[in-house]
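Colleague: 3D, please:
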Amino acid sequence: MVKRILSISLFIIVISIGLLQKDELLILIKAGGIISVLISMLFVAICVFFPIIPFPVLAGLIGGVYGTSQGVIVSLTGAMAGTMGFFYLSRYGFRDYAQSKLMKYPKIQEYDEFLNRNSFVAILTCRLIPIIPAPVVNIICGLSKVNGLIFFTASSLGKIPNILILSIAGASFSSNKLFSFGLYGGYILILFLVNFVIMYRKMTKESVD
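Modeller: Take a look at the predicted model:
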């Protein structure tokens, strides 16, 4: 009961900060400095729970403010803080609600079976190739018996390529907008093609069976 109360309180605080202080947080992020770094991480973590600003826009902005290397560190740290918070909230705070959300995705059971066989590969694959929405992955893993360290490691590695591309695009945006759009557009195209191939092969296999 105590865990649930703490989880609900934390969730309300996170959403309230994101909704009520969004503009102020963005101003602080653009200002730069040590406080800005902490605010940036906090805002990225909030957006994991509630995407007030699309992650590509936020990560690109952070890359533009801090540069590629520091931008990756800031965005990845914030994203993983939010992701782990989501994971543990699903596991301990909102288990019944999380299970009801998964009922909307009946095919997720296939992923759940894969997760039980090889959790690290399953999580890493879903982070690198986002066939399943990230929040759904967080919920499934939170409800499963997957080890928290494995979830953290696989999620961190899987998020790096996307965050790296966004940070490079953001850092280059002011000097070369065409390169930034082209870089991220190419990345999205690759993901689309990979998703298409996976779905096509799956449909072909199902039709044969």
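
Colleague: Which helix runs longest in the chain?
Modeller: Identified as the longest helix of the chain according to DSSP state H is helix 177-208.

Colleague: Would you indicate which residues of that one are buried?
Modeller: Neighbour counts over helix 177-208 (16 or more other C-beta atoms under 10 Å) mark S180, L183, Y184, Y187, L191 as buried. For every residue, glycine as well, the C-beta is placed using N, CA and C.

Colleague: And for stretch 160-178?
Modeller: Judged by neighbour count using 16+ other C-beta under 10 Å, the buried positions of stretch 160-178 are N162, I163, L164, I165, L166, S167, I168, A169, G170, A171, S172, F173.

Colleague: In this structure the second one contacts S75, no?
Modeller: Going back to what we said before, that points to I163. Yes: here I163 reaches S75: they are 4.8 Å apart, a contact under C-beta atoms under 8 Å.

Colleague: joint contacts of those two?
Modeller: Residues touching both I163 and S75 (C-beta atoms under 8 Å, 6 or more residues apart in numbering): A59.

Colleague: give the contact list for G78.
Modeller: S40, M41, L42, F43, V44, A45, V48.

Colleague: Considering those residues, which possesses the most neighbours?
Modeller: Comparing the contacts of G78 on neighbour count, S40 comes out first with 28 neighbours (neighbours: other C-beta atoms under 10 Å).

Colleague: And it, how far from C47?
Modeller: 11 Å (C-beta to C-beta, to the nearest Å).

Colleague: cool, I29 as well?
Modeller: The value you get for I29 to C47, if C-beta to C-beta is used, is 12 Å.

Colleague: Check G64 too.
Modeller: Computed as C-beta to C-beta, the G64 to C47 distance reads 17 Å.

Colleague: follow-up on the earlier one: from the buried residues of stretch 160-178, pick the one nearest P54.
Modeller: Nearest to P54 among those is L166, at 10.5 Å by C-beta to C-beta.

Colleague: ok so, going back, could you export the buried residues of helix 177-208 as JSON lines, including pLDDT and distance to N118?
Modeller: Putting the buried residues of helix 177-208 into JSON lines (pLDDT from 0 to 100; distance: C-beta to C-beta, whole Å) gives the following:
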{"residue": "S180", "pLDDT": "87", "distance to N118": "36"}
{"residue": "L183", "pLDDT": "89", "distance to N118": "32"}
{"residue": "Y184", "pLDDT": "85", "distance to N118": "31"}
{"residue": "Y187", "pLDDT": "88", "distance to N118": "26"}
{"residue": "L191", "pLDDT": "85", "distance to N118": "22"}
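
Colleague: What is the burial count for T77?
Modeller: T77 has 17 neighbouring residues, counting by other C-beta under 10 Å.

Colleague: Does it lie in a helix or a strand, and which?
Modeller: Assigned by DSSP states H and E, T77 falls within helix 68-88.

Colleague: now, which of the contacts of G78 lie within helices?
Modeller: Filtering the contacts of G78 for helices - DSSP H - leaves S40, M41, L42, F43, V44, A45, V48.

Colleague: Serialize the residues you listed to a markdown table and add fields for pLDDT and distance to I150.
Modeller: Below are these laid out as a markdown table (pLDDT from 0 to 100; distance: C-beta to C-beta, whole Å):
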| residue | pLDDT | distance to I150 |
| --- | --- | --- |
| S40 | 87 | 27 |
| M41 | 90 | 23 |
| L42 | 86 | 26 |
| F43 | 85 | 27 |
| V44 | 89 | 22 |
| A45 | 89 | 21 |
| V48 | 86 | 19 |
